[in-house]
Every structure is written in structure tokens, then in C-alpha cells.
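Peer 1: this one's structure only:
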């Protein structure tokens with residue numbers, strides 16, 4: 001019996017491979033550097049004004065919740081993950097599938113600001129820990145994030161809740177945002193002058 005040869009298609013069928021696979025959040029610092037969250041490769045990329053690209057944090061295709069520096073850190077980003085830059089020049093990212101908010105310094109040091117790690121993407125209700133045990137954390141699939149005028153972070157969670165996170169990691173729910181329960185699944189918000197504007201696109 002002759003076994004037919006196995007043919008494996010190349011990753012790129014035509015043209016050149018793209019640097020970005022699933023770009024999500026993006027932010028620009030005061031020096032003009034652009035930071036891009038690539039959910040497909042699980043990386044935070046830095047692009048300087050002259051076009052030089054480097055990896056600030058994360059290891060390609062490594063999924064996890066490890067704090068660390070550069071490639072020593074890991075994430076579980078999704079297409080909903082977003083980020084911002086605070087007044088100190090740190091990146092704040094919503095690690096959506098880990099249910100956490102992560103801080104990344106200009107040197108690439110990653111730490112967890114708030115949340116309880118538990119894998120939730122693909123799960124409608126309660127997230128699970130890596131060993132598949134239920135976990136009730138402070139967030140459920142955090143997505144959009146904005147910087148309030150007092151330096152707090154405003155996070156829109158998958159449970160249609162708007163939550164306030166202080167730089168020290170204290171989390172509270174914004175009571176006056178209860179009307180957000182009527183929002184569609186795709187939402188962004190902008191904080192400025194003490195107000196929040198929410199844009200909803202129903203699916």
C-alpha cells in the first residue's frame with residue numbers, strides 16, 4: 001500500500017507576511033512612538049517615528065498570565081482588548097481573556113493592576129481558571145478602557161458594566177452608568193473633562 005504524500009500549505013500563499021496579524025488597541029506617547037496590541041501574536045509592539053518596530057512585551061504565540069519583563073510576560077488578548085497611555089507614560093491594557101488590567105512600563109516591565117486571572121473567552125457566563133474551575137473575579141472580559149481626568153482608568157466589561165480602577169488597583173462600579181446595560185456588544189468610550197461618551201454598534 002502506497003501512502004500518498006502529505007502536502008502542507010505554507011502560511012503565506014502570496015505576497016509578504018504581514019507584521020500585524022490581529023491589531024487591536026493602539027496608543028501614541030509624547031515622543032511620537034506608536035504602540036500596537038497584536039491579539040493574534042500576543043504581543044505589544046513599539047513603532048518609533050522612523051518606522052523601527054520592536055516588541056515591548058510578550059512572546060509570540062505564548063498565551064498566559066505571567067508578569068515579567070519583555071518576553072518574560074504573557075497575555076491572553078482577544079480582538080476586544082484595548083490600551084491607553086497614562087500621564088506617566090505607562091501602557092494600561094485590558095487583558096480580556098485573563099479578566100485583568102495590566103500595566104506595562106516604557107522599559108517593558110509588565111504587572112497586573114487589578115482583576116483575578118481566569119480564562120473567560122468563549123464562555124458566556126462565569127470564567128474558569130486554567131484547571132477549569134469557576135472563578136468570580138472583578139471583571140468579565142474587560143474590553144474598552146479610557147483615562148479619566150483624575151488619573152483613574154474606566155473599563156467597560158463584558159457584563160455591560162462600567163468599572164473604575166485606580167492606579168493602585170482599587171475597583172468600583174460606576175453607579176450612574178447603569179444605562180450601559182442596553183449597549184450592544186461592540187462599544188468604545190472616551191473620557192474627557194469628567195464625562196464619558198459611549199458609542200454602541202449593535203450586532
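Peer 2: Nice, thanks for sending it over. Worth saying up front: this structure is predicted, and the values here are computed from it rather than measured.

Peer 1: my guess is residue 101 meets residue 113, correct?
Peer 2: Yes. Assessed by C-beta atoms under 8 Å, residue 101 is found in contact with residue 113 at 4.6 Å. Backbone N, C-alpha and C define where each C-beta goes, glycine included.

Peer 1: identify the contacts common to the two.
Peer 2: By C-beta atoms under 8 Å, 6 or more residues apart in numbering, residue 101 and residue 113 have these common neighbours: 92, 153, 165.

Peer 1: give the contact list for the first one.
Peer 2: Applying C-beta under 8 Å, 6+ apart to residue 92 gives the contacts 83-86, 101-104, 113, 145, 147, 153.

Peer 1: out of residue 101 and residue 113, which sits in the busier spot?
Peer 2: residue 101 (24 against 20; other C-beta atoms under 10 Å).

Peer 1: list the buried residues in stretch 56-72.
Peer 2: By neighbour count on 16 or more other C-beta atoms under 10 Å, the buried set for stretch 56-72 is 56-59, 64-65, 68, 70.

Peer 1: ignore the last one, stretch 32-40
Peer 2: Quick answer for stretch 32-40 (16+ other C-beta under 10 Å): 33, 35-39.

Peer 1: just the ones of the contacts of residue 92 in strands?
Peer 2: 83-85, 101-104, 113, 145, 147, 153 (DSSP state E).

Peer 1: want to throw these into CSV with distance to residue 121 and pLDDT?
Peer 2: Below are the ones in strands among the contacts of residue 92 laid out as CSV (distance: C-beta to C-beta, whole Å; pLDDT from 0 to 100):
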residue, distance to residue 121, pLDDT
83, 17, 95
84, 21, 96
85, 25, 96
101, 16, 96
102, 16, 97
103, 21, 98
104, 20, 98
113, 20, 96
145, 17, 95
147, 25, 94
153, 21, 95
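
Peer 1: want to throw these into CSV with distance to residue 27?
Peer 2: What follows is the ones in strands among the contacts of residue 92, written out as CSV (distance: C-beta to C-beta, whole Å):
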residue, distance to residue 27
83, 5
84, 6
85, 5
101, 14
102, 14
103, 13
104, 10
113, 16
145, 10
147, 10
153, 13
